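A.B. asks: Sharing a sequence plus its predicted fold:
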Amino acid sequence: MALVLKKYLRLFSILVKTSFIADLEFRVNFSLRIFTDILWYFMQILSFEILFNYTPLIGDWDRYQMRVFLGVLFIVDSLYMVFIQENADRFADKVRKGELDFILAKPVSSQFMVSFQKIATASFTNLLIAIAFFLYTVAQLEGFQWYRLFWFFLVIPTSLIVIYTSRFFFSCLNLIFVKSESVQFLWYNCYKLGLRPDSIYFPTVKLILLTVLPMSFVASVPTRMILEPPNTYLICWSLVIGPLSLYLSNIFWRYCLRFYTSASS
Amino acid sequence: MKHWLKRNLAFARLGIQTNLEYRFNFFIDAIVQPAMTAGIEIFLWFALFAATNTETLNGYSKESYLAYVIWAAFVGRIAISWMYEHMMMDEIETGSINAIILRPMTFFEYYLSQLLGYKLVIFLFSSLVPLSIVLYFGLPTALNRLPLVALLIFYYLIFIHAMSFMTACLAFFLNRVRSFTLVKNFTIYIVSGELFPLDLLPTFWKKLFLNMPFAAGVYLPVGYLTNRISTELFLTGFINISIGLVVVLFLSYIIWRKGLRSYSGTGA
């Protein structure tokens, strides 16, 4: 087990290195990507700040609590940008051009290779910005108990797993359907549900977003870990749903691979 | 003139046919995406009005905001160009533009007519959804204004295409330019009023954005349709687009000329 883990960690570090070299090749694009993400953060902050000029609360949270929510969202989103987005975006091309053949032939987990072959190193900068913003928002909270960060860090991996597995599920559909660009947009719309605090939704929708389509784990649940006393149910559920989603994603990947006809052969 | 019209109608038909070929894609693009966006925004506005416990916000009722977000999600989807901008960039990056510039037509009109054809179909299909929602829930919408609103949106699309063309022309000089599209479209998303109605902004920003052509993409048409703005203000949209169009076309022409001179026809 330790040997396997070591092998994958080594492989991952090589992938980071090659991705960084590849990204630096197009420097204008590299810088613009950082700027684009900052613009997106700005958009999210602006939309809530403007609304808070007219209301004291949105859902359960006031302006300061909403800023913490945005800080959490930016961290999770930048992690998604670094590790997942580019690979998921390129997956359809790999299937169509038959590049998946080379990945399947490699003596490593094909799901791992497909998911983490390219790391968006430009987005590391955004991760740092997101962390700085998050720490700033948390420091603004009155009487904040720093021990709550422990629960937050416990839930964050689940957030990333939920985004990864949901996106991966939609990417896998490329193996079944020939043209499924819009299906990928459909994922983005599901993801959008997680970009808003879950307290704005009706109870039924909220329940769906915690269970079947667990987009509340994107930012709402981690934020609750910081703003509210620890919720045992949510913590336990997050420890279950993460591994469960990973397991199901692997089953679905292997199922979808049966439909792959290898375009290049 | 007759030849020009015939040619461009053929391009528009091509745009329609290509996009209707994959119906599932089209369905998600025209219906599901804007419906989900509108749905999420409706939840947000419900929560907002529940928290304030008032009937109006900044002078407008809850129904007025709901009508705005429903229409904004659909109009915003129509008044933007992602796909054709990426296609133009790809043509330049890969060198397949050679096949187009040799033909008796312009690169600009080839994609403009396709974009307009495609957007026309999207408009016809997707507007049925907000239309049925506002009629069912009795949300404020002046349906008699819809033809004029459609005219403004399609005029705005010509401006948006000119912006796309200018952005795509950067591919003559840089290897990867897709990030420019993201930056441009994110900015448009804010200043057009799709993110939130522009009247919620402080006066300075509101005035500034209203004097830009981008407000004609979402805020002016949707505001006019939902009775938020006057006819005079709505009509300024046509003027702002015209000014913007002259500026952007001029800049595009310069970049295009310079780009063609530096272009070596790789991939031909």
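C.D. replies: Looks like it came in fine.

A.B. asks: show me the contacts for residue 116.
C.D. replies: This is for chain A. A:12, A:15, A:83, A:87 (Cβ atoms under 8 Å, 6 or more residues apart in numbering or on different chains). Heads up, the C-betas are built off the backbone N, CA and C, glycines and all.

A.B. asks: Wait, chain B was what I had in mind.
C.D. replies: B:12, B:15, B:154, B:157, B:158.

A.B. asks: ok, residue B:75 - contacts?
C.D. replies: Per Cβ under 8 Å, 6+ apart, neighbours of residue B:75: B:153, B:194, B:217, B:218, B:221, B:222.

A.B. asks: send the alpha carbons of the helix or strand of chain A with the lowest mean pLDDT over as CSV?
C.D. replies: Lowest on mean pLDDT, DSSP states H and E among the helices and strands of chain A sits helix A:181-194, with a mean of 82. The C-alpha coordinates for helix A:181-194 follow below in CSV (Å, rounded to 0.1, in the frame of the first residue of the first chain):
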residue,chain,number,x,y,z
GLU,A,181,-20.4,19.6,-24.7
SER,A,182,-23.8,20.8,-23.4
VAL,A,183,-23.8,18.0,-20.9
GLN,A,184,-20.6,19.5,-19.5
PHE,A,185,-22.5,22.8,-19.2
LEU,A,186,-25.2,21.0,-17.4
TRP,A,187,-22.6,20.1,-14.8
TYR,A,188,-21.6,23.7,-14.5
ASN,A,189,-25.3,24.5,-13.8
CYS,A,190,-25.4,21.9,-11.0
TYR,A,191,-22.1,23.4,-9.7
LYS,A,192,-23.8,26.8,-9.7
LEU,A,193,-26.2,25.5,-7.0
GLY,A,194,-23.2,25.2,-4.8
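
A.B. asks: continuing past that helix, what's the next helix or strand?
C.D. replies: Note on helix A:181-194: by DSSP states H and E, the next helix or strand toward the C-terminus is helix A:203-210.

A.B. asks: Could you list the buried residues of whichever helix or strand comes after that following helix?
C.D. replies: For helix A:203-210, the following helix or strand on the C-terminal side (DSSP H and E) is helix A:220-227. Buried residues in helix A:220-227, counted by 16 or more other Cβ atoms under 10 Å in any protein chain shown: A:220, A:221, A:222, A:223, A:224, A:225, A:226, A:227.

A.B. asks: Read off the pLDDT value for the fifth one.
C.D. replies: Read it as residue A:224. Residue A:224 carries a pLDDT score of 94 in this model.

A.B. asks: so who does it touch?
C.D. replies: Residue A:224 sits next to A:231, A:234 when contact means Cβ under 8 Å, 6+ apart.

A.B. asks: hmm, back to that, so the least confident helix or strand of chain A versus helix A:220-227, what angle?
C.D. replies: 20 degrees (axes from the mean of the first three to the mean of the last three Cα atoms, to 10 degrees).

A.B. asks: which other helices and strands contact the lengthiest helix in chain B?
C.D. replies: For chain B, the helix with the greatest residue count under DSSP state H is helix B:231-262. Judged by 3 or more Cβ pairs under 8 Å, 6 or more residues apart in numbering or on different chains; DSSP states H and E, helix B:231-262 is in contact with helix B:146-169, helix B:219-225.

A.B. asks: mind saving the C-alpha coords of the first one as PDB?
C.D. replies: In other words, helix B:146-169. Output of helix B:146-169 as PDB, limited to C-alpha atoms (Å, rounded to 0.1, in the frame of the first residue of the first chain):
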ATOM      1  CA  LEU B 146     -41.000  42.200 -27.300                       C
ATOM      2  CA  PRO B 147     -40.400  43.000 -31.000                       C
ATOM      3  CA  LEU B 148     -38.500  46.200 -30.300                       C
ATOM      4  CA  VAL B 149     -36.500  44.400 -27.600                       C
ATOM      5  CA  ALA B 150     -35.700  41.600 -30.000                       C
ATOM      6  CA  LEU B 151     -34.500  44.200 -32.500                       C
ATOM      7  CA  LEU B 152     -32.200  45.800 -29.900                       C
ATOM      8  CA  ILE B 153     -30.800  42.400 -28.900                       C
ATOM      9  CA  PHE B 154     -30.000  41.400 -32.500                       C
ATOM     10  CA  TYR B 155     -28.400  44.800 -33.200                       C
ATOM     11  CA  TYR B 156     -26.300  44.300 -30.000                       C
ATOM     12  CA  LEU B 157     -25.300  40.900 -31.300                       C
ATOM     13  CA  ILE B 158     -23.600  42.600 -34.300                       C
ATOM     14  CA  PHE B 159     -21.600  44.700 -31.800                       C
ATOM     15  CA  ILE B 160     -20.800  41.600 -29.800                       C
ATOM     16  CA  HIS B 161     -19.600  39.800 -32.900                       C
ATOM     17  CA  ALA B 162     -17.400  42.700 -33.800                       C
ATOM     18  CA  MET B 163     -15.900  42.400 -30.300                       C
ATOM     19  CA  SER B 164     -15.400  38.700 -30.800                       C
ATOM     20  CA  PHE B 165     -13.800  39.300 -34.200                       C
ATOM     21  CA  MET B 166     -11.400  41.700 -32.700                       C
ATOM     22  CA  THR B 167     -10.500  39.300 -29.800                       C
ATOM     23  CA  ALA B 168     -10.100  36.400 -32.300                       C
ATOM     24  CA  CYS B 169      -7.800  38.500 -34.400                       C
END
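
A.B. asks: Output whichever helix or strand comes after it as CSV, restricted to C-alpha atoms.
C.D. replies: Next along the chain after helix B:146-169, taking DSSP H and E as the criterion, comes helix B:178-191. Below are the C-alpha coordinates for helix B:178-191, written out as CSV (Å, rounded to 0.1, in the frame of the first residue of the first chain):
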residue,chain,number,x,y,z
ARG,B,178,-8.9,32.0,-25.2
SER,B,179,-8.3,33.6,-21.8
PHE,B,180,-9.1,37.0,-23.5
THR,B,181,-12.6,35.6,-24.2
LEU,B,182,-13.1,34.8,-20.6
VAL,B,183,-11.9,38.2,-19.4
LYS,B,184,-14.1,40.0,-21.9
ASN,B,185,-17.2,37.9,-21.3
PHE,B,186,-16.9,38.1,-17.5
THR,B,187,-16.6,41.8,-17.7
ILE,B,188,-19.6,42.0,-20.0
TYR,B,189,-21.5,39.8,-17.5
ILE,B,190,-21.1,42.5,-14.9
VAL,B,191,-21.6,45.7,-16.9
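
A.B. asks: Enumerate the residues of chain A near chain B.
C.D. replies: A:26, A:28-29, A:32-33, A:35-36, A:39-40, A:43, A:46-47, A:50-51, A:53-59, A:177, A:179-183, A:185-186, A:189, A:192-193, A:196, A:199-202, A:205 (Cβ under 8 Å from any Cβ of the partner chain).

A.B. asks: Not counting sequence-adjacent ones, nearest residue to residue 29?
C.D. replies: All of this refers to chain A. With sequence-adjacent residues excluded and distances taken as Cβ to Cβ, 6 or more residues apart in numbering or on different chains, residue A:29 is closest to residue B:176, at 4.0 Å.

A.B. asks: could you do chain B instead?
C.D. replies: residue A:182 (5.3 Å).

A.B. asks: residues near that neighbour, how many?
C.D. replies: Neighbour count of residue A:182, defined by other Cβ atoms under 10 Å in any protein chain shown: 18.

A.B. asks: Give me the below-cutoff pLDDT ranges for the stretch 101-250 of chain A.
C.D. replies: Scanning the stretch 101-250 of chain A with the threshold set as pLDDT under 70 gives A:178-181.

A.B. asks: for the stretch 51-200 of chain A, what spans make up the strands?
C.D. replies: Here the stretch 51-200 of chain A has no strands by DSSP state E, counting those that start in this stretch.

A.B. asks: which of the contacts of residue A:116 are buried?
C.D. replies: A:15, A:83, A:87.

A.B. asks: so who does residue A:73 touch?
C.D. replies: A:44, A:195, A:218, A:219.

A.B. asks: can we see that at 6 Å?
C.D. replies: Residues counted as contacts of residue A:73 (Cβ atoms under 6 Å, 6 or more residues apart in numbering or on different chains) are residue A:219.
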